[in-house]
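J.: Sequence and predicted model, in that order:
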Amino acid sequence: MTEGPKAPTRPGSVDGSLAGLAFAALGVVFGDIGTSPLYTLQTVLNVTGGHPSREAILGAMSLIFWTLIIITSVKYVTLAMRIDNDGEGGILALMSLLGVKRSKRPLIVLVGLFGAALIYGDGAITPAISVLSALEGLEIVSPGMQSYILPLTVLVLILLFAFQYQGTARIGKLFGPIMLIWFVTLGVLGLRGIVQHLSVLVALNPVYGARYLLAGGGTAFAVLGAVFLCVTGAEALYADMGHFGRWPIRVAWSGLVLPSLVLNYAGQAAIVLSGESVESNIFYRLCPTAFLVPMVILATIATIIASQAIITGTFSMTRQAMQLGWLPRLRIMQTSAKGYGQIYVPAVNWLLMAATLALALGFKTSDSLAAAYGIAVSATMLMTAFLLFVAMREIWKWSLWLSLLVAGVFAIIDAGFFSANMLKVEAGGWVPLVLGGSVYGTMLIWRTGYAALQKARRKTGLPIDQILKEMNAGHVTRVSGTAVFLTPSDLDVPSVLAWHVMKTRALHETVFILNVVTELVPYISAEGRVTVQEIAPRVWRARARYGFMERPDVPSLVQSAKDNGFPCDPSDVVYYVGHETIVAGEDHKGLPRLVEAIFGFMYRNAAPISDYFRMPRTQVVEIGAEFPL
């Protein structure tokens, strides 16, 4: 065994004290959930009717408060964050831990993947609804500015996506301070509203929420779908655990974010109890008139930060899915040498921008978008509850009854929110479902097609004995230099090498047959990175292991091999890769034609393998072959 390149301690993580990490988390983790007061209570009261009763206001406030406590504080911050895949959180990390790493269970894998795919659906809505709701404050500043809200929203969104290629490293240091100001402002404005009607605090009693649900009939059930908007960013808390750790997120949530959110929601409810109109954005009614313009600016900046977190989170999730073999290779640009999480995926960026702009232009207002928002995330949360049940049984070793009780409570609540959100399907909720379903379908087709391609590759491989026979007979000339043959399988001799030897009758003096494998853990230690075995004179088979949060670097592996005594010259290396062309099988026994066509299109348009493995293009030789699927 040889030692590979030194593995980073925690790529993408942030170093520092608990307080420093908690402060940094404010600008990354809590953007989505932190900007939800801009539209949540407004949406809830719109569902209750134009003139909500005292019971409806207090009931809605009670439901929002206890949803924040049960879903975010208990389910995610307290319980889910106790389960990690070598430090990483999120539904994909949880899926790989429970569904593949511990044992092969296709159902858990499919559940986890579907939950992850749905995040793309609501991820397209988040920037649109956040920026729209922030700029709608201009209508309160001056009613005549209403016609400028949508154009300004489109402009802000275009600029947001257009500057993604630069990454967030340069402005990342500003995120924490700005979000600190934002949350403190939320709390202060909330207190200003509460003092106008102190009786709003009785809504913290869960009886008010339960009584409203039981007595409100169909309207109360529909209200649940709007209440759910207050926790749409809860999944991000879990997914970002690998960047900051569980305790900094817990400290920031309990010490600042949760109190600020509760105060602001209570303040909004209080001014409505006092007789404030609900016809325009209630959030801005909390703000003194003299500070409205600065507040709109601050809210817009906060929503840009929230959108930035969603977009970069989508990039990270895409990379995880690629590494795990569920999406084709896409071009990834590292935007910062210091932060592994600072990446830019052009294809995802532009597709997400197109979807976000279409949603903003199609729905036009945050109220209309709220009618489509939440259905995909509520489905993801329901699936997370199922995975938590498996974790309670297998990782924590809880009894069946205790696991059923705890996970069952979460599942019932999540199912209630999901059912209420299903009422939104006709009003636009189908949009995130279609987007998420498309991503899920893409994942399944890619996985199915790639498995068929691997099977076809194995049929073309040759046993080492046949190559040795050619070499011993003197039919293969050894030339100077080092050749690295990349193979996606564990064949003795990959088809690329076999074709090269049989056609050219020549082989480099030093040969590495390299198989790069992505393991179902986030990171691989340097000691366990590479294993090497000599299978013929001066021909080695190497197996390099990477975690799904790491990016393979083949030239670095070659340099590491030289440093560990192997006879190779990194400056004189030729990398051989296969360039397969997917064609339809003539026997009609392979993949369905539609699946084969879609997979073939994705395979042809995948990013060059030289980019994915960081190989210099001037040292890469591609050898083509056709594979009928």
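T.: It's in.

J.: drop to CA atoms for contacts and neighbour counts, all remaining ones
T.: Fine.

J.: SS state for residue 196?
T.: The three-state assignment at residue 196 reads coil, by DSSP: H, G, I helix; E, B strand; the rest coil.

J.: Surely it and residue 270 touch.
T.: Yes - in this structure, residue 196 sits in contact with residue 270. The criterion is CA atoms under 8 Å, and the distance is 6.6 Å.

J.: which one of those two has more residues nearby?
T.: Between residue 196 and residue 270, counted using other CA atoms under 10 Å, the more crowded position is residue 270 (28 against 15).

J.: does the more buried one really touch residue 198, like I thought?
T.: Yes - look at residue 270 against residue 198 with CA under 8 Å: they come within range, at 7.3 Å.

J.: Across the sheet, point out what pairs with residue 624.
T.: Legend: beta-bridge partners of residue 624 under DSSP bridges are residue 579.

J.: Please tell me how far it sits from residue 151.
T.: Residue 624 sits 49 Å away from residue 151, going by CA to CA, to the nearest Å.

J.: Please apply the same query to residue 307.
T.: 18 Å.

J.: Comparing the two, which shows the higher neighbour count?
T.: More neighbours surround residue 307 than the other of residue 307 and residue 151, with 28 against 14 (other CA under 10 Å).

J.: since we're on the nearest residue to that one once chain neighbours are set aside, how many residues are nearby?
T.: Closest residue to residue 307 in three dimensions, ignoring its sequence neighbours and counting by CA to CA, 6 or more residues apart in numbering: residue 127, at 4.7 Å. Residue 127 sits with 31 neighbouring residues when counted by other CA under 10 Å.

J.: three-state assignment of residue 127?
T.: Recorded secondary structure, residue 127: helix (three-state DSSP).

J.: correct me, but it touches residue 302?
T.: No - between residue 127 and residue 302 there is no contact under CA under 8 Å: 10.9 Å.

J.: which residues in the stretch 101-250 of the chain form strands?
T.: Applying DSSP state E, counting those that start in this stretch to the stretch 101-250 of the chain gives no strands.

J.: so where's the protein shaky on pLDDT?
T.: Along the chain, the model assigns pLDDT under 70 to residues 1-16, 99-104, 167-174, 243, 334-342, 460-468, 470-474, 488-493, 520, 587-588.

J.: any idea how far the most centrally placed residue in it lies from residue 57?
T.: Centre of the chain computed as the mean C-alpha position; nearest residue by CA atoms, centre = their mean is residue 317, 3.3 Å away. According to CA to CA, residue 317 stands 38 Å off from residue 57.

J.: ok, now residue 184?
T.: Distance from residue 184 to residue 57, counting by CA to CA: 24 Å.

J.: higher neighbour count, those two?
T.: When residue 184 and residue 57 are compared on other CA under 10 Å, the one with more neighbours turns out to be residue 57, at 27 against 17.

J.: so the residue lying closest to residue 51 once chain neighbours are set aside, which of the three states?
T.: Using CA to CA, 6+ apart and skipping residues adjacent in sequence, the residue nearest residue 51 is residue 278, 7.7 Å away. At residue 278 the chain is in coil, as set by three-state DSSP.

J.: Residue 50 is in contact with residue 278, correct?
T.: Yes - counting by CA under 8 Å, residue 278 sits close enough to residue 50 to count as a contact (7.0 Å).

J.: Looking at the two, which has the bigger crowd around it?
T.: Residue environment comparison for residue 278 versus residue 50 gives the larger neighbour count to residue 278, 20 against 11, counting by other CA under 10 Å.

J.: roughly how far apart are the residue lying closest to residue 477 once chain neighbours are set aside and residue 480?
T.: Leaving aside its chain neighbours, residue 477 sits nearest to residue 506 (4.4 Å; criterion: CA to CA, 6+ apart). Counting by CA to CA, the separation of residue 506 from residue 480 is 11 Å.

J.: you'd agree residue 620 is up against residue 575?
T.: Yes - counting by CA under 8 Å, residue 620 touches residue 575, with 4.7 Å between them.

J.: which residues touch the closest residue to residue 236 other than its chain neighbours?
T.: Spatial nearest neighbour of residue 236, excluding adjacent residues (CA to CA, 6+ apart): residue 29 at 6.2 Å. Applying CA atoms under 8 Å, 6 or more residues apart in numbering, we find residue 29 in contact with 236-237, 240, 249, 309.

J.: Any of those buried? List them.
T.: In these, burial by neighbour count holds for 236-237, 240, 249, 309, counting by 16 or more other CA atoms under 10 Å.

J.: Which members of the residues you listed are the farthest-apart pair?
T.: Comparing all pairs in these by CA to CA, the longest separation belongs to 249 and 309, at 14.9 Å.

J.: burial of residue 253, as a residue count?
T.: Around residue 253 there are 22 other residues, counting by other CA under 10 Å.

J.: how far away is it from residue 398?
T.: Distance, residue 253 to residue 398, using CA to CA: 27 Å.

J.: Tell me which strands whichever strand in the chain runs longest pairs with, and in which orientation.
T.: Longest strand in the chain by number of residues (criterion: DSSP state E): strand 506-518. Here strand 506-518 has these sheet partners by DSSP bridges: strand 477-486 (parallel), strand 539-546 (parallel).

J.: just these: most buried one?
T.: Neighbour counts (mean count of other CA atoms under 10 Å) averaged over each of the strands paired with strand 506-518 peak at strand 539-546, with a mean of 21.

J.: Tell me which helix or strand comes right after that one.
T.: Next helix or strand after strand 539-546 toward the C-terminus (DSSP states H and E): helix 554-563.

J.: That next one: how far from the chain's middle?
T.: 31 Å (CA atoms, centre = their mean, to the nearest Å).

J.: helices or strands up against it?
T.: Applying 3 or more CA pairs under 8 Å, 6 or more residues apart in numbering; DSSP states H and E, one finds that helix 554-563 contacts no other helix or strand.

J.: ok, back up a step: could you list which residues are in contact with the residue nearest to residue 51?
T.: Residue 278 sits next to 42, 45-46, 50-51, 272 when contact means CA under 8 Å, 6+ apart.

J.: Could you turn the buried ones of those residues into a PyMOL selection?
T.: Only the buried entries of the contacts of residue 278 go into this PyMOL selection, using 16+ other CA under 10 Å:
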select buried, resi 42+45+46+272
